[in-house]
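Q: Need the 3D shape of this:
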Amino acid sequence: MIRPDFYAVLGVPPVASAEEIRQAYYQLARQHHPDASNETDSAQFKVIAEAYRVLGTPQLRVAYDQALYPTEREHQKAQRGNRKAPPPIPVMHVANPALTLDITLGQSEIIPPQDMTRFYLLAEIGPAGEPAVLEPQPLDLALLVDRSNSMHGEKIFESKRAIQSMLDHLHMDDLLTLVFFDDFAEVVADGETPRGRPGIEEALKGITVRGSTELAKGLEVTLDKLVARSPSSGRARAASLVLLTDGQTYGDEQRCFELANRARENGISITTLGLGAEWNRSLLDRLSAISGGSSHYVAQPTDLTRHFEEVVHQLRATLALNMRMTFEPAPGAHIVRATRVAPDIAEAYDVPTDQLSQQPNAKISGSSKVTVDLGALVGRPDRETAVVLWELLLDPRQMASRQGEYTLGEVSVTYAATQHNNQMEQIQREVSVNVSGTNSSGAPVESDVKLALQLATAYRCQVQADSLMHDGNTEEALSQLTTASLRLQNAGDADLAIKAQQTAQKLATGSGQGGVDDMLQVRYQTKNLGLFHRLRRRRS
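A: This is a model prediction of the structure:
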């Protein structure tokens with residue numbers, strides 16, 4: 001298969017800005033968007049959409065340009081406009097992406113513990129070889145949009161505009177389900193292809209705000225639609241639910257968690273978008289974490305179009321679906337916390353054992369395995385991986401050294417390979433650590449583990465600060481933000497550390513809503529900007 005010159009497809013020069021590329025795509029998409037009777041436009045629209053997917057994504061555009069202009073001289077000629085039409089570029093396919101599981105111990109060796117001792121390790125799953133620009137992944141996408149009274153005015157207007165814009169990005173084999181909810185769920189589209197766009201746009205005109213927010217009703221109806229479609233029929237699709245709300249649901253939180261578990265069991269990730277500052281962060285963060293999705297803060301209604309587009313672009317490049325990582329600890333090793341640190345930060349598992357670790361005679365009962373849902377793995381030119389930070393408590397009374405090492409347990413990952421008709425794959429690794437024969441303090445903490453700890457702690461402090469501000473405890477919230485700033489500084493992100501400190505100063509002066517908005521910006525930038533990968537690459 002041959003890939004055409006994407007700049008020529010969109011009619012822009014290689015020096016075109018992101019906005020120029022966007023405008024060119026929108027104009028062509030409207031001109032060539034297919035209807036049921038025009039197969040020529042259907043084929044052309046696929047090429048146009050793929051051109052925008054690559055050139056409209058910064059990382060993919062860099063990789064494309066490097067392939068288009070293999071030498072610096074050719075690249076400079078193109079920038080000056082002296083550009084000849086390049087030969088077509090072959091599409092790089094991944095028939096069945098090989099993934100690897102890497103384990104990074106917090107310390108390469110430890111001294112035999114006398115008391116309960118904490119130990120950290122990273123488990124990382126990602127592509128085995130060089131990244132490839134993937135054939136676009138067809139989607140089974142569901143949008144669940146709040147239409148309650150709090151969404152009046154600009155919020156509901158920009159929500160509908162963002163949906164219309166997102167329709168430009170759908171391919172012919174994508175499926176779209178669209179549900180609006182208040183205290184009732186209204187299904188506007190159920191597994192529609194882009195051919196149903198006229199009906200969707202007409203239905204959007206009649207959507208107005210009403211009622212109160214009852215999230216569980218909307219979640220249940222939307223999941224019913226997604227689950228009813230068998231993933232084994234036709235080409236494999238990435239199933240995902242995107243939830244947009246600006247408020248808080250009341251009395252149905254437990255039902256929402258049950259539905260998130262149902263989504264996880266069916267391989268459906270939930271991405272949550274919280275608009276403004278009044279939504280329930282703990283609820284939406286947990287819904288996304290349970291299902292292996294992500295949660296995001298949308299500061300202004302006008303930002304919705306960008307967020308919707310980013311979600312679609314990310315789902316397009318899916319390498320693997322329904323990823324699950326399980327740690328089965330050996331006797332004497334007990335899991336106390338698991339935190340996803342990449343591609344975003346999310347608490348996956350946590351048990352209160354601080355008191356136990358301070359009581360030498362305390363005994364932890366049992367040694368149970370823990371499973372973390374990682375959702376989808378996105379293939380990007382910068383070799384995206386999913387990373388989990390595991391925190392263990394080692395009990396010397398139950399551990400025995402064998403051949404100079406402690407066995408800590410086994411990590412396994414299961415996933416569905418999207419380019420191989422969702423065939424399930426599994427990788428397993430036994431985890432052990434060398435035991436030092438000296439009385440030294442043991443090996444230093446490995447740098448990647450230290451980085452993960454700094455970022456996870458910074459994010460936890462920001463979550464605490466948000467909760468404390470909500471409860472009116474401003475002084476303690478400022479302390480948490482200051483700690484978060486120090487952690488970010490130690491991790492190597494000076495800019496975000498300064499933002500966190502400036503936010504604390506703004507809140508200290510009583511800036512009100514402006515300070516809260518800044519706090520949410522810093523919190524979700526820490527969570528969602530892929531800091532672990534970015535800072536690790538900067539260090540190397």
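Q: Would you confirm that G106 contacts T117?
A: No. With contacts counted by CB atoms under 8 Å, G106 stays clear of T117, the gap being 10.9 Å. The way it works is simple: take the backbone N, C-alpha and C, and place the C-beta from them, glycine included.
Q: Please say which of these two ends up with more neighbours.
A: Neighbour count, other CB atoms under 10 Å: between G106 and T117, G106 has more, with 25 against 17.
Q: Quick check: the gap between the more buried one and E430.
A: 17 Å (CB to CB, to the nearest Å).
Q: helix/strand/coil for the residue lying closest to E20 once chain neighbours are set aside?
A: Leaving aside its chain neighbours, E20 sits nearest to V12 (5.7 Å; criterion: CB to CB, 6 or more residues apart in numbering). Look at V12: counting by DSSP: H, G, I helix; E, B strand; the rest coil, its state is coil.
Q: So what's the residue count around V12?
A: 18.
Q: which residues does it contact?
A: Residues in contact with V12 (CB atoms under 8 Å, 6 or more residues apart in numbering) are E20, I21, A24.
Q: Next up, phi/psi of it, please.
A: Backbone torsions of V12, given as degrees, to the nearest 10, read phi -130, psi 160.
Q: CA atoms of stretch 487-505 as PDB?
A: Taking C-alpha atoms only, stretch 487-505 is exported to PDB below (Å, rounded to 0.1, in the frame of the first residue of the first chain):
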ATOM      1  CA  ARG A 487       8.300  17.300  44.100                       C
ATOM      2  CA  LEU A 488       7.800  18.700  40.600                       C
ATOM      3  CA  GLN A 489      11.000  20.600  40.900                       C
ATOM      4  CA  ASN A 490      12.900  17.500  42.000                       C
ATOM      5  CA  ALA A 491      11.400  15.600  39.100                       C
ATOM      6  CA  GLY A 492      12.900  18.100  36.700                       C
ATOM      7  CA  ASP A 493       9.800  20.100  35.600                       C
ATOM      8  CA  ALA A 494      10.700  23.600  36.800                       C
ATOM      9  CA  ASP A 495       7.900  25.300  34.800                       C
ATOM     10  CA  LEU A 496       5.100  23.200  36.300                       C
ATOM     11  CA  ALA A 497       6.700  23.600  39.700                       C
ATOM     12  CA  ILE A 498       6.600  27.400  39.400                       C
ATOM     13  CA  LYS A 499       2.900  27.200  38.300                       C
ATOM     14  CA  ALA A 500       2.100  25.200  41.300                       C
ATOM     15  CA  GLN A 501       3.800  27.700  43.600                       C
ATOM     16  CA  GLN A 502       2.200  30.600  41.900                       C
ATOM     17  CA  THR A 503      -1.200  29.000  42.300                       C
ATOM     18  CA  ALA A 504      -0.600  28.600  46.000                       C
ATOM     19  CA  GLN A 505       0.300  32.300  46.300                       C
END
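Q: how about it: buried residues?
A: Within stretch 487-505, the residues scored as buried using 16 or more other CB atoms under 10 Å are 487-493, 496-497, 499-501, 503-504.
Q: Need these in TSV (columns: distance to V445, pLDDT and secondary structure).
A: Formatted as TSV, the buried residues of stretch 487-505 follow (distance: CB to CB, whole Å; pLDDT from 0 to 100; DSSP: H, G, I helix; E, B strand; the rest coil):
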residue	distance to V445	pLDDT	secondary structure
R487	15	97	helix
L488	18	97	helix
Q489	18	97	helix
N490	12	96	helix
A491	13	96	helix
G492	15	95	coil
D493	19	95	coil
L496	22	95	helix
A497	20	96	helix
K499	27	95	helix
A500	23	95	helix
Q501	25	94	helix
T503	29	93	helix
A504	28	92	helix
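Q: Quick check: next helix or strand after the helix or strand of the chain with the lowest mean pLDDT?
A: Lowest on mean pLDDT, DSSP states H and E among the helices and strands of the chain sits strand 89-90, with a mean of 36. Beyond strand 89-90 on the C-terminal side, the first helix or strand identified by DSSP states H and E is strand 99-105.
Q: Now tabulate the contacts of V12 in a markdown table and tack on distance to Q462 and pLDDT.
A: Shown next, in a markdown table, are the contacts of V12 (distance: CB to CB, whole Å; pLDDT from 0 to 100):
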| residue | distance to Q462 | pLDDT |
| --- | --- | --- |
| E20 | 36 | 85 |
| I21 | 34 | 89 |
| A24 | 39 | 87 |
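Q: Show me which of these are buried.
A: I21, A24.
Q: got CSV for the contacts of V12, with distance to E446 too?
A: What follows is the contacts of V12, written out as CSV (distance: CB to CB, whole Å):
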residue, distance to E446
E20, 45
I21, 41
A24, 47
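Q: Relative to T318, which of the contacts of V12 is nearest.
A: Sorting these by distance to T318 puts I21 at the head of the list, at 22.9 Å, by CB to CB.
Q: State the distance from the closest one to Q44.
A: I21 sits 17 Å away from Q44, going by CB to CB.
Q: Kindly report the same for A320.
A: Per CB to CB, A320 is found 31 Å from Q44.
Q: which of the two has more neighbours?
A: Neighbour count, other CB under 10 Å: between A320 and Q44, A320 has more, with 28 against 17.
Q: residue contacts, the one residue sitting closest to the centre of the chain?
A: Against the mean C-alpha coordinate of the chain, by CA atoms, centre = their mean, the closest residue is S294 at 4.4 Å. By CB under 8 Å, 6+ apart, the contact list for S294 reads T271, T272, S288, P343, D344, A346, G375, N528.
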